[in-house]
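*Asks:* Sequence and predicted structure are below.
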Amino acid sequence: MSKNKTAAIVLAAGLGTRMKSTLPKVLHPLGGVPMIRHLMETLDGLEMERIVVVVGEDMPAVVDSVAPCPTVTQTPRLGSGDAVLTARAAFEGFTGDVLVVYGDTPLITKETLGRLITARRAPLDPAVAVLGFCPAEPGRYGRLILAPDGTLEAIIEAGDASPEQLAVGFCNSGVIAVDGKRLFPLLEKLDNGNAAGEYYLTDIVAAATAAGFACAVVEGAGDELIGINTRVDLAAAEAIVQRRLRGQAMLGGATLIDPASVYFSHDTLLGKDVTIGPGVVFGPGVSVGNKAEIRPFCHIEGTSIAAGAVVGPFARLRPGADIAEDAHIGNFVEIKNAAVESGAKINHLTYIGDARVGAKANVGAGTITCNYDGFSKSRTDIGGGVFIGSNTALVAPVKIGDGAIIGAGSVISEDVEANALALTRAGQKNIKGGGERYRQRRRAARKPGTKKTEH
Ligand code: UD1
Ligand code: CA
């Protein structure tokens, strides 16, 4: 596709009232990133000559989310047709094709947009090419009214449609490609004499037909063209995104034992021969190296896991966790902002935060880095080959030198030299026969006739 010939207008000024949210609709996440980012990435892949996003008043977060792409503000919001007109100044002198896409229809692919542009450039030279689809429930989508020769005659919004028109299953996805020379003159002809009292972009088809231009229609797949108006739609779109991401993961060489139970982020990176057990959730910013194994029921975000590492079951890896080659992170272990060096083992019931765990160190069950004193965070540095006995509290800031051993049940608040043995437990006292004497004392104190307490 010629780079100089296509531009895009992204409509994102709508209030998203049906989401019942304080967050602008296009910022609701899909696969962990705002839905509009999906669309922007797709458009980037098409090398548009220019892209303009139409936002509403008081939407600084939307402006930030699409930066550095320029935005124009539509105020007041008078409908999707008016929204496109808002972008007019940015298209002064542009004579190529203009794609109009809706921020709430983010799952469309590059290939489908390419087909639409090709249809716009077909020999018939249609002024407008519309992407249609046949959703399972046509509901509130606009209906595509075709002429007997298969060209598009009009788009009728559901609220304005007759029962016969509502019976049409072929619907408007909202995505259109328009000849840039004809776009704005046609939009000037729109009026708002309809059920919603808005300037509908969809009326551009009737306007083009009335002006004697042809309009074309291309059919796309429903799972690319779902429009997100409610949180029910959002969940349906998320399911589509997850299906795609699971497919990509498996085709890329990862084994997913129960794909439907694994949730990815848009940016999850997986190496070859990675195995992922059931019930694993990847938040944003995770990479997993070759042959790593993620066992069932882990929650992982902002983490790098190197080749051959084993994580889980039931591990929680939080932002800044950096798990090196062949390290093992076991059940009920939480790691945050910490480097776990190669071959280290942290296998059970442990919290490691703001720390380094040196290569081949072994961290026993129930170890806690006490990194927060209620005011500030401090670091724990555990050297290579260190052995930390079970149920140890490491009160940061504290450093354990290479090869040191910490006895079980210690509270370590001072640095430990390399190869030292640190013990902080109170000495143990065994009293010969003391257990039996205690029992006798308690039995004798029991009132006659009372029953033994059940446990
Ligand atoms: C729209 C289409 C409908 C189509 C459906 C597909 C119109 C009139 N109708 O309906 O034919 O089947 O999408 O999902 O376009 N917007 C603005 N400014 C406005 C109004 C809307 O920027 O003043 C933007 C919204 O942010 C949104 C898009 O335009 O991205 C569509 O608006 P929305 O209200 O969601 O239209 P639908 O009722 O879904
Ligand atoms: Ca919509």
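*Replies:* Alright, I've got the coordinates. Ligands and ions are numbered 1, 2, ... in the order given.

*Asks:* Tell me the pLDDT of the residue of the stretch 1-150 of the chain found nearest ligand 2.
*Replies:* Distances between the stretch 1-150 of the chain and ligand 2 by C-beta to the ion are smallest at Asp104, namely 4.4 Å. The way it works is simple: take the backbone N, C-alpha and C, and place the C-beta from them, glycine included. Confidence at Asp104, expressed as pLDDT, is 98.

*Asks:* Could you pull up the residues touching it?
*Replies:* Residues near Asp104 by C-beta atoms under 8 Å, 6 or more residues apart in numbering: 12, 14, 16, 25-26, 35, 227-229.

*Asks:* filter those down to the ones near ligand 2?
*Replies:* 227, 229 (C-beta under 5 Å from the ion).

*Asks:* Select from the contacts of Asp104 the one having the most neighbours.
*Replies:* Counting neighbours by other C-beta atoms under 10 Å, Val26 comes out on top of the contacts of Asp104 with 30 neighbours.

*Asks:* Pretty sure His38 is one of the things it touches, is it not?
*Replies:* No. Using C-beta atoms under 8 Å as the test, Val26 is too far from His38 to be in contact (9.9 Å).

*Asks:* Can you get me a residue count around Val53?
*Replies:* Count around Val53 with other C-beta under 10 Å applied: 28.

*Asks:* typo on my end, Val178
*Replies:* 26.

*Asks:* Assumed it was part of a strand.
*Replies:* Yes. Counting by DSSP: H, G, I helix; E, B strand; the rest coil, Val178 is part of a strand.

*Asks:* Okay, it and Val386: tell me how far apart.
*Replies:* 67 Å (C-beta to C-beta, to the nearest Å).

*Asks:* buried set for the lengthiest helix in the chain?
*Replies:* Taking DSSP state H as the criterion, the chain has its longest helix at helix 231-251. By neighbour count on 16 or more other C-beta atoms under 10 Å, the buried set for helix 231-251 is 233-234, 237-238, 240-242, 244-246, 249.

*Asks:* For that helix, give the mean pLDDT please.
*Replies:* For helix 231-251, the mean confidence score works out to 98.

*Asks:* ok, and what's touching it?
*Replies:* With C-beta under 8 Å, 6+ apart, helix 231-251 has contacts from 19-20, 28, 30-31, 35, 38, 106-107, 223, 226-228, 256, 259-260, 262-266, 268, 270, 276.

*Asks:* rerun at 6 Å
*Replies:* Residues outside helix 231-251 that contact it (C-beta atoms under 6 Å, 6 or more residues apart in numbering): 28, 30-31, 107, 223, 226, 228, 256, 259, 264, 270.

*Asks:* Stretch 214-230 now?
*Replies:* By C-beta under 6 Å, 6+ apart, the list of residues contacting stretch 214-230 reads 18, 104-105, 107-109, 112, 115-116, 119, 124, 126, 128-133, 135, 144, 151-152, 173, 205, 208, 234, 237, 240.

*Asks:* Could you pull out the strands in the stretch 101-250 of the chain for me?
*Replies:* 128-133, 143-146, 152-156, 171-179, 215-219 (DSSP state E, counting those that start in this stretch).
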